[in-house]
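> pasted the sequence and its predicted model underneath.
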Amino acid sequence: MANIISSNPAMQDLKITFKESSLVLPLQQTEKRSFFLSNIDQILNYRIPTVSFFSANPDYPPQLVSERLKLALQKVLVPYDFIAGRFKLNQETGRLEIDCNSAGVGFVVASSEFSLAEIGDLLSPNLGFQQLAVHTLTDNLAPNDHANPPFILQVTSFKCGGFAIGMSVNHILLDGLSAKAFSQNLASQAFEGDKPFAVIPFFDRRLMSARSPPLVAFTHPEFFKPDLPTGTSGPPVFDCKKEELEFKVFKLTTTDINFLKEKAKRPETIISSFNAAATLIWRCKALSYGENQNKEEDEERVSTLLNVVDLRSRLSPPLPDPYCGNAILVAYTSEKCRNLEKMPFSELVKMVAESPARVSDEYARSVIDWLEINRGLPCGEYMVSSWLRLGFEEVVFPWGKPQHSGPVVNHRKDICWIFPSSNNDGAINALVSLPAKEMERFESHFCNFFTSTNNSSSVSAEPTTTTISPDELVAQGLTTAV
């Protein structure tokens, strides 16, 4: 049965006490250098907060976990020295680089007055979870940029003995697969003794450089060139307007997914769970937009879905599997809202499934060259990012695997994160963040899609929701780091 999981109003504040807020440096001295960032890296200057919850383990009380993770972090920062650096703007090229200066990453230790049982469903998109992956350090550290390092790791203990490991990571540093490899390496170094790294990362991002001269061989409607104020230096920031938002997780069970696949079935075609779910999410988002009072204008409006795709195997030659950087692009699918409402679901899924095939080696190289010339940003109504195969919930620490692992609510109403359940029930979860009226319409279209058919599935929803104002977002540090 599909579920719509709302925030728990009692969990807007987890009653957190911050015990330590410090900088962790590499265990050994590292080379001072400038670290090249690709054109794709340049446009991803925003933070991704994540949190993993762990049940109490008598052999690993939270204090020991903090000590192990701090030392593990020191070890991994030797090869991952750029994570301990700081962004800087090259005034000659107008490009962001990383100054590998060993300034350090943030390390926070905190405790909550709640137990994990009192928090309840860890899938709930609770505002309080933002306190488990803070974006700034609480102490007044000098110089100022040290208070806002691009990477912060936080360990928060609960009164039951369980704990959470939160990470606030600027997307420039790592994409999903790179973050998974980093987590595996961090976990490997948290064991006693000198353990080898789980993954040997590949750091040379010049494999993703633009060609010289650039050669744009395709039109790229999935990007646009923003009008920047006169005198603006550096790449534009991929951000969205701050609004008061509601947060909900739309959970699709295996029964729901099978129903969607049946609706999407075409002869001799295999339908992926992600494509079926992403198509439904896109349809609901497009039809919930409702900015125009004129129904005819809304029906004629074109909605564009951006689907994040991995480039590692698409380039020629392929990137090394352990490539550490942003090897991702967006595949686009566009259609008028009128057609999104009336077309067979199978046709919509076909469109979404076919769009990644467009992203060949030559197409990806053309995008990189386009970005070299235009300093553009992704252009679409809604982006879906799949965490279904990243496997954060499978990372093994000395104290075991996470009880739950996933994204934390934030102000990005333009991005939907799709992630698996940690209990291996086969369900797919979609974190949706929208203004209240738009969320109401989204939920209505979501429910109606199931109930207006002969499907045996039903949709249940908890009545509670949580809102957050723009001022609260700013106060909690949820603005994009520049």
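Now that the structure is in, tell me what you want to look at.
> A helix includes residue 99, no?
No - according to DSSP: H, G, I helix; E, B strand; the rest coil, residue 99 belongs to no helix; its state is strand.
> just checking, it touches residue 88?
Yes - with contact defined as Cβ atoms under 8 Å, residue 99 reaches residue 88; the gap is 4.7 Å. From N, CA and C alone the C-beta is placed, and that goes for glycine too.
> now do the shared contacts for those two.
Shared contacts of residue 99 and residue 88 (Cβ atoms under 8 Å, 6 or more residues apart in numbering): residue 34.
> which stretch of helix or strand covers the closest residue to residue 312 other than its chain neighbours?
The shortest distance from residue 312 to any non-neighbouring residue, by Cβ to Cβ, 6 or more residues apart in numbering, is to residue 319 (4.4 Å). Counting by DSSP states H and E, there is no helix or strand that carries residue 319.
> residue 319: how many residues sit nearby?
18 (other Cβ atoms under 10 Å).
> residues contacting it?
Applying Cβ under 8 Å, 6+ apart, the residues contacting residue 319 are 202, 207, 208, 311, 312, 313, 327.
> if we go to 10 Å?
202, 204, 207, 208, 310, 311, 312, 313, 325, 327 (Cβ atoms under 10 Å, 6 or more residues apart in numbering).
> quick check: mean pLDDT of stretch 242-251?
The pLDDT scores in stretch 242-251 average 93.
> try stretch 166-181
What stretch 166-181 shows for mean pLDDT is 98.
> before we move on, back to that, got a ChimeraX select line for the buried ones in the contacts of residue 319?
Remark: buried members of those, expressed as a ChimeraX selection using 16 or more other Cβ atoms under 10 Å:
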select :202,208,310,311,325,327
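> in CSV: the contacts of residue 319, plus secondary structure and distance to residue 409.
CSV is the format used below for those (DSSP: H, G, I helix; E, B strand; the rest coil; distance: Cβ to Cβ, whole Å):
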residue, secondary structure, distance to residue 409
202, strand, 33
204, coil, 35
207, helix, 34
208, helix, 31
310, strand, 25
311, coil, 28
312, coil, 29
313, coil, 32
325, coil, 26
327, coil, 26
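> ok, residue 333 - how many residues close by?
Burial measure for residue 333: 23 neighbouring residues, criterion other Cβ under 10 Å.
> need phi/psi at it.
Here is the backbone geometry of residue 333 (degrees, to the nearest 10): phi -140, psi 130.
> got the contact list for it?
Counted by Cβ under 10 Å, 6+ apart, residue 333 has contacts 222, 278-279, 282, 303-307, 348, 350-356, 358, 380.
> now, the residues you listed that are in helices?
278, 279, 282, 348, 350, 351, 352, 353, 354 (DSSP state H).
> and which of these is nearest residue 259?
Taking Cβ to Cβ as the measure, residue 279 is the one of the ones in helices among the contacts of residue 333 closest to residue 259, at 12.9 Å.
> so what's that closest one scoring on pLDDT?
pLDDT at residue 279 comes out at 98.
> and what of residue 375?
Residue 375 is assigned 90 on the pLDDT scale.
> quick check: closest non-adjacent residue to it.
Nearest residue to residue 375, sequence neighbours excluded (Cβ to Cβ, 6+ apart): residue 235, at 5.6 Å.
> burial count for that neighbour?
Using other Cβ under 10 Å, residue 235 is surrounded by 24 other residues.
> where in this structure is pLDDT low?
Applying pLDDT under 70 to the chain flags the ranges 1, 139-146, 231, 290-296, 453-482.
> same thing but 50
142-143, 454-458, 460-482 (pLDDT under 50).
> check contacts around the most centrally placed residue in it.
Nearest to the geometric centre of the chain sits residue 48, at 5.2 Å (Cα atoms, centre = their mean). With contacts taken as Cβ under 10 Å, 6+ apart, residue 48 has the following neighbours: 133, 167-171, 173-176, 179, 385, 407-408, 410, 412, 415, 417.
> and the furthest pair within the ones in helices among the contacts of residue 333?
The largest separation in the ones in helices among the contacts of residue 333, counting by Cβ to Cβ, is between 282 and 354 at 13.9 Å.
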